[in-house]
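**Q** model this:
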Amino acid sequence: MSLLLTQAVSAAEANPTPEVWRVITKMAYFAGLIGSIGGCMLYLIVLRPVLRRPSVDPADRAVLQRRAGIYYAIVGTWFLVALYFQIAGKGARVKGKEIPFGDALSPAAIWRFISVPGKKGDWISSGAEALIQYALWGVAAIVLMLAFSPRLREKLGVLTLTSLIVNFVAYQVTLLPTNFSKATFDTIANSLLDHLHVFSISTWVGGIAGLVILAFSRRRLSLGAGDVFAQIWTRFSTLAMVAVGCILITGLWLAYSLVGSPSELFTTSFGRFLVIKVSLVFTMICIGAANEFVMMPRIARARAAGAEGSVFRLALRTFPVLVTIEVLLAVGVLFVLSFLTGSARVEAGDPEDPTLSGTVIGIGVVLAILIAVSFVTTAKVSDRLSRSAARAHEVEQREAVSAES
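**A** Numbering: from 1, shown residues only. Modelled structure (predicted):
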């Protein structure tokens, strides 16, 4: 995502303040992209496997399936509309041919942007590349919109899988440079890491946003749905930890490539906005850790006690409130990203060109291993705390029975 939001500009023009329309269209576009990718990952990896379990009440399954289908259809609609404004914005910002955003919204202006011939040596023009990518994204959005139909909603697994595949293919279009002679190992590696960064963010943020929406169905669910959501949270926490691990690994490289030295974090506007963004993400991670070490054991204790009311309250009221805070922080991240244009290196006039040397790759591998170990440890500790809470309740019950007898 960071590379998508940064363009090569001169030091004098580095990190200019974006216009209001640019902030709105960029946030809307990324919200749609994150919602569609993350939502599909959520359904395929978390929701569908849990809802298929025999222990799930058929009535609860029907309510959650319907709410999920409508949610995905709305996400697809949002994404499709946002794509139009986003591609119009790209046409409005063509260097040397800038036009007012209002004029760029006309189909004729968009056609002029996508039909401009490529530069000498390009195998495809940037406009044609954008057309292919946005057309594929449009198809992915329309596939999700089919979930408005109750009949097609029954095939939600097929719809989400199809949309996810098309989304993935669409995003990979930009991996192909318009001019292969300018492609290097570093540029390709940057693109791959950036794409992994976006998919990881989408999986995490899009997933928690979808779960918050589903939690609003609680008034139509039975008390037993608390146990269903407990299983959903448990399964999603594993997916979220993998996604956050990838975000940290790719984010470290992207930060290194955009910031030349620690001082640039405070002496450049790009660096200061980056600090705000990292602070928001760090807060989100802290809330996620609290969920793992506090909320999950509490839910496990309530499940062991057979207290359906407590499980329902924790899994469908308290837990979603904490996750909603994460979603709001994510909105803040999207807002800050709108102001990250260029790089701290460019803004500071840093002549150093970051490259993926053997040393950098080696450090990255070590960091990846350390992050993986820390997240595996987190998962094991959380699981142990949950088991300990359940065992402690069983001991209390036995002691109470013994005291009565």
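**Q** what does the domain assignment say about the chain?
**A** Following automatic domain parsing, the chain resolves into domains at 15-183, 184-202+226-405.
**Q** least reliable of those by average pLDDT, please.
**A** Lowest mean pLDDT of the domains of the chain: domain 184-202+226-405, a mean of 77.
**Q** could you pull out the helices for the stretch 251-400 of the chain?
**A** 264-267, 269-290, 296-304, 308-313, 319-337, 344-348, 358-404 (DSSP state H, counting those that start in this stretch).
**Q** out of the domains of the chain, the one nearest R220 is which?
**A** R220 lies closest to domain 15-183 among the domains of the chain, at 4.9 Å (C-beta to C-beta). (Glycine included, C-beta is placed from N, CA and C.)
**Q** quick one: that closest one to chain centroid distance?
**A** Taking C-alpha atoms, centre = their mean, to the nearest Å, the mean C-alpha location of domain 15-183 is offset from the chain mean by 13 Å.
**Q** may I see the buried residues of the helix or strand hosting W111?
**A** Using DSSP states H and E, W111 sits within helix 107-114. Within helix 107-114, the residues scored as buried using 16 or more other C-beta atoms under 10 Å are 109-110, 112-114.
**Q** go on, stretch 159-171?
**A** Buried residues in stretch 159-171 (16+ other C-beta under 10 Å): 159-164, 166-167, 170-171.
**Q** for stretch 118-137, same thing?
**A** 122, 125-134, 136-137.
**Q** distance to L252 and secondary structure for these - can I get that in CSV?
**A** Listed next are the buried residues of stretch 118-137 as CSV, based on distance: C-beta to C-beta, whole Å; DSSP: H, G, I helix; E, B strand; the rest coil:
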residue, distance to L252, secondary structure
D122, 32, coil
S125, 34, coil
S126, 29, helix
G127, 34, helix
A128, 34, helix
E129, 29, helix
A130, 29, helix
L131, 34, helix
I132, 31, helix
Q133, 27, helix
Y134, 30, helix
L136, 30, helix
W137, 28, helix
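**Q** between those, which is closest to A73?
**A** W137 (16.1 Å).
**Q** contact partners for the closest one?
**A** 33, 79, 83, 166-167, 170 (C-beta atoms under 8 Å, 6 or more residues apart in numbering).
**Q** just want the angle from the helix or strand harbouring I74 to helix 107-114.
**A** Assessed by DSSP H and E, I74 sits inside helix 58-92. Per axes from the mean of the first three to the mean of the last three C-alpha atoms, to 10 degrees, the angle that helix 58-92 makes with helix 107-114 is 80 degrees.
**Q** what's the closest non-adjacent residue to V139?
**A** The shortest distance from V139 to any non-neighbouring residue, by C-beta to C-beta, 6 or more residues apart in numbering, is to V166 (5.3 Å).
**Q** could you measure from that neighbour over to V173?
**A** Applying C-beta to C-beta, to the nearest Å, the value for V166 to V173 is 11 Å.
**Q** between these two, which contacts overlap?
**A** Joint contacts of V166 and V173 (C-beta under 8 Å, 6+ apart) are L136.
**Q** circling back: in the helix holding I74, which residues are buried?
**A** So helix 58-92, judged by 16+ other C-beta under 10 Å, has buried residues 60-61, 63-69, 71-80, 82-92.
**Q** immediately after it, which helix or strand?
**A** With DSSP H and E, the next secondary element past helix 58-92 is helix 101-104.
**Q** just checking, what packs against that following helix?
**A** Under the contact criterion of 3 or more C-beta pairs under 8 Å, 6 or more residues apart in numbering; DSSP states H and E, helix 101-104 touches helix 58-92, helix 107-114.
**Q** what comes up buried for that helix?
**A** Those would be 101, 104, for helix 101-104 by 16+ other C-beta under 10 Å.
**Q** which outside residues touch it?
**A** Contacts of helix 101-104 (C-beta under 8 Å, 6+ apart): 19, 21-22, 88-89, 91-92, 109-110, 113.
**Q** could I get these as TSV with distance to A290?
**A** Below are the contacts of helix 101-104 laid out as TSV (distance: C-beta to C-beta, whole Å):
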residue	distance to A290
E19	38
W21	37
R22	35
A88	41
G89	38
G91	44
A92	43
A109	48
I110	46
F113	46
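**Q** for the buried residues of stretch 159-171, give me a markdown table that also has distance to K277.
**A** Converted to a markdown table, the buried residues of stretch 159-171 look like this (distance: C-beta to C-beta, whole Å):
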| residue | distance to K277 |
| --- | --- |
| L159 | 33 |
| T160 | 29 |
| L161 | 32 |
| T162 | 33 |
| S163 | 28 |
| L164 | 26 |
| V166 | 29 |
| N167 | 24 |
| A170 | 25 |
| Y171 | 21 |
